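Participant: Here you go, sequence then predicted model.
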Amino acid sequence: MINFDFDKDCYSCGLCETSCPTQAITFKPNVEASLVPNVAIDLCINCGKCDRICPHLNPPSCNNSLSTADAYAAYNKDEKVRLASSSGGLFKLLADLFIKNGDYVCGCVWDNQMLPVHIVSNKPEDILKMMGSKYIGSIAKNCYEEIKHLLKANHKVLFTGTPCQLDALYRYVGSQPNLYTMGVICHGVAIPSIWKQYLEKLENQYGKVINYKFRDKTLGWTNFFNKITFASNKTICYNVSVDALYMKAFLKGFILRERCFSCTFKGDKMKADLLVGDFWELPKKYNQIDDDKGLSCILVLSNQGRFLFEQIRSGVHFIPVEREEIFKGNQNLLRPYPKPLERDAFIAEIEAGEKDLYTIFNNYVKPKDTYNRIKLSFKKLLFKLGIYKPFYKLSRYLRKRL
Ligand SMILES: Cc1cc2nc3c(=O)[nH]c(=O)nc-3n(C[C@H](O)[C@H](O)[C@H](O)COP(=O)(O)OP(=O)(O)OC[C@H]3O[C@@H](n4cnc5c(N)ncnc54)[C@H](O)[C@@H]3O)c2cc1C
Ligand code: SF4
Ligand code: SF4
Ligand code: SF4
């Protein structure tokens, strides 16, 4: 019967629950509000199925072809879609390929309480909701059975998510010719209870949140704004280098789920057809593809991935790159994000609930406020004057030369 420190090591994949023949396992939220198993000992018949399927107890054995993968820098030629996406907008192109043929896509949407959850759908309006990264742990376990049925009924399914979610799905349904996967390069996911506290603060101030866009590109992709929309139609934007405290805490690792600091789905242990992420450190020689509207890196890991890339090729602007150029700027692909030294103290303060959330964020992830505010105001001015683009190109060029 499954039994280890779930708070630390459980991926919340739900495979133990689905494999239990006596329904002895249910899920309950832990202190992080992540879902972890709860075993009713009186119902357990000690069959050991949960132990045999658990990814923590049976770490991934796959050796993917990361070291021989085809690698590209790419973006969607449809500028509207690209600007609405987190990186280069490849997800939407892939998803459309499936739903256009009556097939299905599984991806992450906000539920009506602004918590991320995976759904399976073939409706265009749901694909729009799946677009955009939601940097909090999403529950995917309720989709696995539905995907199994769809595959049995000869439908093609595209599953998109974090490498641990992809692994759970492969363990549940096996490798199948009609199953296609797009994994995201993964920094980790945030603790749901802190996200809920943060939402509550926003809602107390401005009313119900109806959308949260973590990667608003109004002032360019690299300028990185969070755009929040409220039921009253009010919107606010926080910049990551100035006042987007929640996002800063995420990027610096303070609010990552404990499990993510020792994630095993890194390097050649990720099974996926395609791996997609942000192409941050594009080398100088490819400057022509970088216009600050969002650029993806894409690694093609299997023949199914190659097939998918062929299908979307005409809709993307792309150039082949060296794999190492992607690895260099994206260490999250190769190793878990390192746990910040002060992270336990930060979490203890949040759990104590004595201080205001923003005060704690400020104490630990204090932005270089004044300098960044001036820098941002300067960029906004350049935007207004319509000369931001040449300035951006020049500053990227100079940074790479120096
Ligand atoms: C939690 C998380 C961490 C990430 N960390 C990195 C990183 O460290 N480095 C990097 O280069 N890229 C990272 N990415 C990937 C990047 O943010 C983009 O999602 C990716 O490049 C795809 O962008 P796109 O423009 O093609 O599509 P978008 O339209 O932005 O596609 C979003 C896709 O992400 C999926 N998704 C959204 N939220 C979640 C979630 N909570 N859990 C699982 N899947 C989700 C959707 O189902 C959809 O397929 C991360 C993404 C997520 C979700
Ligand atoms: S050992 Fe078998 S019966 Fe017991 S909880 Fe695990 S799967 Fe269920
Ligand atoms: S099977 Fe998944 S949900 Fe169950 S204990 Fe293992 S990691 Fe956690
Ligand atoms: S870092 Fe690892 S454990 Fe955390 S969400 Fe990403 S793939 Fe899953």
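Facilitator: In hand now; what should we look at? Ligands and ions are numbered 1, 2, ... in the order given.
Participant: quick one: secondary structure of Tyr212?
Facilitator: Under DSSP: H, G, I helix; E, B strand; the rest coil, the three-state class of Tyr212 is strand.
Participant: from what I can see it touches Asn226, true?
Facilitator: Yes - counting by Cβ atoms under 8 Å, Tyr212 sits close enough to Asn226 to count as a contact (7.1 Å). C-beta: built from backbone N, CA, C; applies to glycine.
Participant: tell me the residue furthest from the middle of this structure?
Facilitator: Asp42 (38.0 Å; Cα atoms, centre = their mean).
Participant: Surely it forms part of a helix?
Facilitator: Yes - Asp42 sits within a helix when classified using three-state DSSP.
Participant: Identify the residues contacting it.
Facilitator: Asp42 makes contact with no residue, according to Cβ atoms under 8 Å, 6 or more residues apart in numbering.
Participant: Next up, the contacts around the closest residue to Tyr170 other than its chain neighbours.
Facilitator: Nearest non-adjacent residue to Tyr170, counting by Cβ to Cβ, 6 or more residues apart in numbering: Lys271, 5.5 Å away. Counting by Cβ under 8 Å, 6+ apart, Lys271 touches 60, 62, 64, 163, 166-167, 170, 181, 301.
Participant: As JSON lines, those with distance to Cys143, neighbour count and secondary structure would be great.
Facilitator: Compiled in JSON lines, these are given as follows (distance: Cβ to Cβ, whole Å; neighbours: other Cβ atoms under 10 Å; DSSP: H, G, I helix; E, B strand; the rest coil):
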{"residue": "Pro60", "distance to Cys143": "20", "neighbour count": "19", "secondary structure": "coil"}
{"residue": "Cys62", "distance to Cys143": "21", "neighbour count": "13", "secondary structure": "coil"}
{"residue": "Asn64", "distance to Cys143": "22", "neighbour count": "21", "secondary structure": "coil"}
{"residue": "Pro163", "distance to Cys143": "16", "neighbour count": "24", "secondary structure": "helix"}
{"residue": "Leu166", "distance to Cys143": "12", "neighbour count": "23", "secondary structure": "helix"}
{"residue": "Asp167", "distance to Cys143": "14", "neighbour count": "26", "secondary structure": "helix"}
{"residue": "Tyr170", "distance to Cys143": "13", "neighbour count": "18", "secondary structure": "helix"}
{"residue": "Thr181", "distance to Cys143": "13", "neighbour count": "28", "secondary structure": "strand"}
{"residue": "Leu301", "distance to Cys143": "22", "neighbour count": "22", "secondary structure": "coil"}
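Participant: So which of these reach ligand 4?
Facilitator: Among the contacts of Lys271, the ones lying near ligand 4 by Cβ under 6 Å from any ligand atom are Pro163.
Participant: ok, the contacts of Lys271 vs Ala348, which is closest?
Facilitator: Checking the contacts of Lys271 against Ala348 with Cβ to Cβ, the nearest one is Pro163 at 29.3 Å.
Participant: Please look at that closest one and Asp268 and confirm they touch.
Facilitator: No - between Pro163 and Asp268 there is no contact under Cβ under 8 Å: 11.4 Å.
Participant: can I assume Ala74 sits in a helix?
Facilitator: No - Ala74 is assigned strand when assessed by three-state DSSP, not a helix.
Participant: tell me the SS of the nearest residue to it once chain neighbours are set aside?
Facilitator: Leaving aside its chain neighbours, Ala74 sits nearest to Phe318 (3.7 Å; criterion: Cβ to Cβ, 6+ apart). Of the three states, Phe318 takes strand under three-state DSSP.
Participant: where do the strands sit along the protein?
Facilitator: In the chain, the segments counted as strands under DSSP state E are 25-29, 35-39, 70-76, 104-110, 116-121, 157-161, 179-184, 209-216, 225-230, 235-239, 274-278, 296-300, 316-320.
Participant: Quickly check: the fourth one near ligand 1 or not.
Facilitator: Yes - counting by Cβ under 6 Å from any ligand atom, ligand 1 is contacted by strand 104-110 at 107-108.
Participant: which secondary structure elements does that strand contact?
Facilitator: helix 90-99, strand 116-121, helix 124-130, helix 144-152, strand 157-161 (3 or more Cβ pairs under 8 Å, 6 or more residues apart in numbering; DSSP states H and E).
Participant: Give the residue spans of the protein that score low on pLDDT.
Facilitator: For the chain, the stretches with pLDDT under 70 are 367-377, 380, 383, 388, 396-402.
Participant: And it, split by domain according to the record?
Facilitator: Split into domains by automatic domain parsing, the chain comes to 6-53, 66-189+256-333, 192-255+337-367, 373-402.
Participant: and the chain, which residues reach ligand 2?
Facilitator: Checking the chain against ligand 2 by Cβ under 6 Å from any ligand atom, the hits are 1-2, 19-20, 22, 24-25, 39, 44-50.
Participant: Tell me which of these fall in helices.
Facilitator: Those of the residues of the chain next to ligand 2 mapping onto helices are 19, 49-50, per DSSP state H.
Participant: Compare the residues you listed and tell me which has the most neighbours.
Facilitator: Cys50 (23 neighbours; other Cβ atoms under 10 Å).
Participant: What's the separation between that residue and ligand 4?
Facilitator: 19 Å (Cβ to the nearest ligand atom, to the nearest Å).
Participant: now the helices and strands packed on strand 104-110 as JSON lines including distance to Asp9 and mean neighbour count?
Facilitator: Compiled in JSON lines, those are given as follows (distance: least, Cβ to Cβ, whole Å; neighbours: other Cβ atoms under 10 Å):
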{"stretch": "helix 90-99", "distance to Asp9": "30", "mean neighbour count": "22"}
{"stretch": "strand 116-121", "distance to Asp9": "21", "mean neighbour count": "20"}
{"stretch": "helix 124-130", "distance to Asp9": "29", "mean neighbour count": "15"}
{"stretch": "helix 144-152", "distance to Asp9": "20", "mean neighbour count": "17"}
{"stretch": "strand 157-161", "distance to Asp9": "20", "mean neighbour count": "24"}
